[in-house]
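**Student:** task: produce atomic coordinates for the following.
(2 chains)
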Amino acid sequence: EPEVTQTPSHQVTQMGQEVILRCVPISNHLYFYWYRQILGQKVEFLVSFYNNEISEKSEIFDDQFSVERPDGSNFTLKIRSTKLEDSAMYFCASRRGPNTGELFFGEGSRLTVL
Amino acid sequence: AQSVTQLGSHVSVSEGALVLLRCNYSSSVPPYLFWYVQYPNQGLQLLLKYTTGATLVKGINGFEAEFKKSETSFHLTKPSAHMSDAAEYFCAVSDGGANSKLTFGKGITLSVRP
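**Tutor:** Numbers count the residues shown, from 1 in each chain, chains lettered A, B, ... in the order given. Predicted coordinates:
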């Protein structure tokens, strides 16, 4: 069964360092998302991406964040200069079409900023 | 804007007992509604969804939910809890539009007592 895969599963970094989280969405999906879940809190929307551009972003997704689909298969989230409060589980998700509704999630990348 | 309210953070039931997890939503357009489950150290897995049509929807693992527009609710039920149902459950809403994102509730942790 096709699935969304994410790497790394866990990354520890020092405050101020750049981090890139990688995702391979399901191959025939067209809509891509990043969500995050700070420990003990709700799953929060960060950004959605379609047709090689951002379609919507939340207030969390500030200038320190960027997304890219560099090669038609990977979908990356970059944090330029990490802060302690960026520590969270980051989930990538994808969706096939405009009216299918359901998002398929990866297993997440846990980011720990020290 | 859409929102989801999941009252309480923790529900505990005995094995074999009824499971009822409550979800109320707010949406200015006809909603798409979802329940996702998250097992420890895993990603989000879709349990069931309501988009249009029959208001009682059945999902995996014996769960079902009923969309009640008049009550703006989408409560999740299972007649008989199993130990393996212990997990965190998230209700989510979207507007079903082309670029629509999911908005999650804060989640409910379900514990099952032997």
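**Student:** beta-bridge partners for residue 111, please?
**Tutor:** Picked chain A for this. A:Gln11, A:Ala88 (DSSP bridges).
**Student:** was after chain B, sorry
**Tutor:** Going by DSSP bridges, B:Ser111 is paired in beta bridges with B:Ser12.
**Student:** sketch out the low-pLDDT regions of chain A for me.
**Tutor:** Within chain A, the stretches with pLDDT under 70 are A:99-100.
**Student:** can you rerun that using 50?
**Tutor:** The model of chain A has no residue with pLDDT under 50.
**Student:** near chain B, which residues of it?
**Tutor:** A:4, A:31, A:33, A:35, A:41-45, A:48, A:50, A:55-56, A:91, A:93, A:98-99, A:101-108 (C-beta under 8 Å from any C-beta of the partner chain). The C-beta positions use only the backbone N, C-alpha and C, and glycine is treated the same way.
**Student:** pick out the residue nearest the middle of chain A.
**Tutor:** What sits nearest the mean C-alpha location of chain A, by C-alpha atoms, centre = their mean, is A:Trp34, with 3.2 Å.
**Student:** can you confirm that residue is in a strand?
**Tutor:** Yes - under DSSP: H, G, I helix; E, B strand; the rest coil, A:Trp34 sits within a strand.
**Student:** list the contacts of stretch B:34-41.
**Tutor:** With contacts defined as C-beta atoms under 8 Å, 6 or more residues apart in numbering or on different chains, stretch B:34-41 is touched by A:101-102, A:105, B:21, B:23, B:44-50, B:59, B:63, B:65, B:74, B:76, B:87-94, B:102, B:104, B:107.
**Student:** I should have written stretch B:44-53 there, sorry.
**Tutor:** With C-beta under 8 Å, 6+ apart as the contact definition, stretch B:44-53 has outside contacts at A:43, A:91, A:93, A:101-105, B:30-39, B:57-61, B:63-65, B:67, B:74, B:76, B:89-90, B:96.
**Student:** same check, this time on stretch A:12-29
**Tutor:** Counting by C-beta under 8 Å, 6+ apart, A:2-8, A:11, A:32, A:34, A:73-84, A:86, A:90, A:92-96, A:104, A:106, A:109, A:111-114 sit against stretch A:12-29.
**Student:** the strands in the chain, which residues?
**Tutor:** No chain in the question, so chain A it is. In chain A, the strands defined using DSSP state E lie at A:5-7, A:10-13, A:19-24, A:31-37, A:43-50, A:53-57, A:65-68, A:75-79, A:88-95, A:104-105, A:109-113.
**Student:** wait, chain B
**Tutor:** Assigned by DSSP E, the strands in chain B fall at B:3-5, B:10-14, B:19-21, B:24-26, B:32-38, B:44-50, B:56-58, B:64-68, B:73-78, B:87-94, B:103-104, B:108-113.
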